[in-house]
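> how would this look folded up:
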Amino acid sequence: MSPKPAVSLVAVAGRRRATLDLAQRLEAEGFTGIYCPSPGDGMALCEALALVTREIPFGTSIAHIYTRHAFEWAQTAAVIHELSGGRFRFGVGVSHGPAHDRLGIKPGKPLDDMRKFVTEVKGYAPQVGALPPITLATLRRRMVALAGEIAEGAVWANAARSHMTESLRHLPDANRAPPRSFSESQTLRI
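The predicted model follows:
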């Protein structure tokens, strides 16, 4: 029997308690993970998942790095990591133009900003406690290569399966192991 896939879950206003009930059901039914995108504050949902689930891995996919200060992200990630017993993966990304426009954000250069963000978040560990693995949202070759250099994972948003072999070529050789489950085909641990 194949493993059940990971699930993307958003906590919609007025249905947040039902979302947590669903997460518990997904865990009981053997789904391989729960990943929370930025709509509805995926990080807040992950905080709640740490308290209402016991075994299922979960994470953000993705948290938009420009919406909070790196110290705030690090603090919250450390709390979730500790409360979840290490089941949390902190997926981060630079998002895209329409989201920046909607939020009034003026981003810099994505690669430089991501490198700076990850360095800053990891630098806060002595103050905030152990941090979870960081997963970078990737699509183009340079961000894939950066994930292989500074992160513990990569997630491809809107990627074509037909292009994955080419995309994976930009990771170091040791990080190209084939995924063991559906959830890992979406979030490659490197």
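
> ok, and the helix or strand in this protein with the lowest average confidence?
Taking mean pLDDT, DSSP states H and E as the measure, the chain has helix 182-186 as its least confident helix or strand, at a mean of 39.

> look at stretch 34-45 and report the distance between its end residues.
The straight-line separation of the ends of stretch 34-45 (CA to CA, to the nearest Å) is 10 Å.

> give me the mean pLDDT for that stretch.
What stretch 34-45 shows for mean pLDDT is 92.

> could you do stretch 142-153 as well?
Mean predicted confidence for stretch 142-153 is 91.

> can you list the buried residues in that stretch?
Neighbour-count burial for stretch 142-153, counted by 16 or more other CB atoms under 10 Å, picks out 143-148, 151-153. (Glycine included, C-beta is placed from N, CA and C.)

> reformat the residues you listed as TSV; add distance to residue 131.
Formatted as TSV, the buried residues of stretch 142-153 follow (distance: CB to CB, whole Å):
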residue	distance to residue 131
143	20
144	22
145	22
146	18
147	16
148	19
151	12
152	10
153	13
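
> what packs against whatever helix or strand residue 121 lives in?
Mapping residue 121 onto the secondary structure by DSSP states H and E places it in helix 110-123. Applying 3 or more CB pairs under 8 Å, 6 or more residues apart in numbering; DSSP states H and E, we find helix 110-123 packed against helix 70-83, strand 88-93, strand 134-138, helix 141-150.

> residue 38: which of these is closest?
Residue 38 lies closest to strand 88-93 among the helices and strands packed on helix 110-123, at 8.3 Å (CB to CB).

> ok, that closest one: who's next to it in the sheet?
strand 58-60 (parallel), strand 63-64 (parallel), strand 134-138 (parallel) (DSSP bridges).

> need the CA coordinates for that strand. PDB is fine.
Extracted as PDB, the C-alpha positions of strand 88-93 are listed here (Å, rounded to 0.1, in the frame of the first residue of the first chain):
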ATOM      1  CA  PHE A  88       8.100  21.200  12.200                       C
ATOM      2  CA  ARG A  89       9.900  22.400   9.000                       C
ATOM      3  CA  PHE A  90      10.200  26.100   8.400                       C
ATOM      4  CA  GLY A  91       9.500  26.600   4.700                       C
ATOM      5  CA  VAL A  92      10.300  30.200   3.600                       C
ATOM      6  CA  GLY A  93      10.200  32.100   0.300                       C
END
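
> where does pLDDT dip in the protein?
Where the chain drops to pLDDT under 70, the residues are 163, 166, 173-190.

> could you dump the helices and strands packed on helix 110-123 into TSV and include distance to residue 61?
Listed next are these as TSV, based on distance: least, CB to CB, whole Å:
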stretch	distance to residue 61
helix 70-83	14
strand 88-93	4
strand 134-138	7
helix 141-150	13
